[in-house]
Each structure stands twice: as C-alpha cells, then as structure tokens.
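model the following, please.
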Amino acid sequence: MNWWRRHPDHRVAVAPSLLAADFTDLRRDIASMEEAGVDLLHLDVMDAHFVPNLTFGPFICAAVRRCTGLVLDAHLMMTDPDRYLGAFVDAGVDAITIHAESASPLAATLDRIGALGCRRGASLNPDSDIACLEPVLDRVDLVLVMTVKPGFGGQSFDPRGLEKIRRLARLRRQAGLDFAISVDGGVNDRTAPDCREAGADILVSGTWFCEKTDRKGAAGLLRGLSR
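Numbering: from 1, shown residues only. Have a look, this model is predicted:
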C-alpha cells in the first residue's frame, strides 16, 4: 500500500497549498488545516526563472516542518531542482516533486530524490504530453497533473487535465504500478468531483480551500463526503 493511502476506504486525500496560507500567522493557519483533517501539505517552491513568480525555499519548508507532523510535499517549480535537493531533504520534507520540463535530467534526479530518502514526484505542465513521463512511471511515488499554468495561484481549472488523469490511471493499472495521482490548479467543490471520477488520489487546493472559514466542511466537499 502506497504512502498516501492512509484511510481504510481509500478516500481521496486533501492537500492544501501553503502558497495561499496566512503567512502572518503560519503556525495558527497550519493548525487550522490539521484540525480540518487534511492529509498532507503542498509546498509550492518557485524560483522566478522556471516560472515568473518567486515564493520560498528550504528555510520556510523547515519552519513548516517545525509546525506540523503532516506529510510535506515540496513541489519544485525550478529550472534546475537537482542542485537543491539536499537542502530540501535537510529541511524535513517527505516528498519532492520535480517538473518533467525542468533542465535537470528527470530519471537521474528522481533516483537521487529516492536515494536521499524522500518520496519521488514528477509533475507535468498543462501543455505537456504524458508521454514524457511514461519512461519513469516505474520509479515515481507520485505524478502531479497541473491543471493551471504553474506560477500563480487563483487560476481557473483547465479540463484537459482530466484526460491526463484518466490516462495515468489506465497506465498504472495496466503496468501494476502504485504511484499516486495528484491534481493541482483550480481545484474546488465544483471541479473536485470530475477529478475524483477521473482517478485522482490527491486534490491540491490553495485559494479555494484556504479562504474557507469552515475548512473541515471544505475538506469534506473535496472528498465528496458529507460532514
């Protein structure tokens, strides 16, 4: 059984994106997410080169680690993530997700992430084809399907991602693999049902989730469960 499937009913996991959190009181905001019953935290790391925005790095990831025992997935939207893997491992993240479109060699970098003791994730931009990930599906723990152009929060969901999720689910089943399928971008109570139906295991939600006062209820809506 893979690492993300912690629930007996294999319900979909909810992963708030810390990019939309309240950084004026991050410890309190993370505690609110924990109380809501989320499953892991998604850390959007942007380098202002691979994407136009600049967010945070290992120092903030380490601070988040001191605030919570939740699984931390560092999503590295970076041109050369291989240069910084050790720093994120030292910061205490549990998983590192890199982009197929980055300059770092995909297979070798995934192997290095695993050798450093982290779960291995590979991500795909909306305009990229799944074919570029097929050669490494047997060495990943997670595939992250982007349903917005990476770089900024609050964008609308790109429905092209649904067919990618379906195709990944078919490939996983046909090959007998056990990687998680995660989806990130415009995920809310309206788009979550389509993601679940397509085969997503993890729903990353930033702006929509973090703006809710009833976060337990919001997590339930993403999972398709009544409170």
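
count of neighbours near residue 39?
The burial metric for residue 39, expressed as a neighbour count using other CB atoms under 10 Å, is 22. For every residue, glycine as well, the C-beta is placed using N, CA and C.

that one and residue 71 touch, don't they?
Yes. Taking CB atoms under 8 Å as the contact criterion, residue 39 and residue 71 are neighbours in contact, 7.1 Å apart.

and the residue most central in space within the chain, what helix or strand is that in?
Taking CA atoms, centre = their mean as the criterion, residue 42 is the residue nearest the geometric centre of the chain, at 5.2 Å. Under the criterion DSSP states H and E, the helix or strand holding residue 42 is strand 40-46.

which of the residues in the next helix or strand after that strand are buried?
Scanning forward in sequence from strand 40-46, with DSSP H and E defining helices and strands, the next element found is helix 58-67. Using 16 or more other CB atoms under 10 Å as the burial criterion, the residues of helix 58-67 that qualify are 58, 60, 61, 64, 65.

and those, which is closest to residue 211?
Looking at the buried residues of helix 58-67 and their distance to residue 211, the nearest is residue 64, at 19.5 Å (CB to CB).

quick one: that closest one from residue 27, how far?
The span separating residue 64 from residue 27 equals 9 Å under the rule CB to CB, to the nearest Å.

one more: residue 174?
44 Å.

neighbour count: the two, which is higher?
residue 27 (12 against 8).

ok, which stretches of the chain are strands?
For the chain, strands defined by DSSP state E occupy the ranges 13-16, 40-46, 71-77, 95-99, 119-124, 142-146, 180-184, 202-205.

show me what the strand holding residue 42 packs onto, helices and strands only.
Strand 40-46 sits against strand 13-16, helix 58-67, strand 71-77, with contacts defined as 3 or more CB pairs under 8 Å, 6 or more residues apart in numbering; DSSP states H and E.

between it and helix 58-67, how big is the angle?
Angular relation of strand 40-46 and helix 58-67 on a 0 to 180 degree scale: 170 degrees, by axes from the mean of the first three to the mean of the last three CA atoms, to 10 degrees.

and strand 40-46, how far out from the chain's middle?
With CA atoms, centre = their mean, to the nearest Å as the basis, the distance from the averaged C-alpha position of strand 40-46 to the chain average is 7 Å.

could you do stretch 15-33 as well?
Shown here is stretch 15-33, whose average C-alpha point lies 15 Å from the average C-alpha point of the whole chain (CA atoms, centre = their mean).

now pLDDT and distance to residue 103 too, for the buried residues of helix 58-67, in a markdown table please.
What follows is the buried residues of helix 58-67, written out as a markdown table (pLDDT from 0 to 100; distance: CB to CB, whole Å):
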| residue | pLDDT | distance to residue 103 |
| --- | --- | --- |
| 58 | 98 | 19 |
| 60 | 97 | 23 |
| 61 | 98 | 21 |
| 64 | 98 | 26 |
| 65 | 98 | 27 |
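
for residue 219, see how far away residue 212 is.
Here residue 212 is placed at a distance of 9 Å from residue 219 (CB to CB).

in terms of neighbours, single out the busier of these two.
Between residue 212 and residue 219, residue 219 has the larger neighbour count (other CB under 10 Å), namely 24 against 18.

wait, isn't the more buried one in contact with residue 36?
Yes. Distance between residue 219 and residue 36: 5.0 Å, which falls inside the contact criterion (CB under 8 Å).
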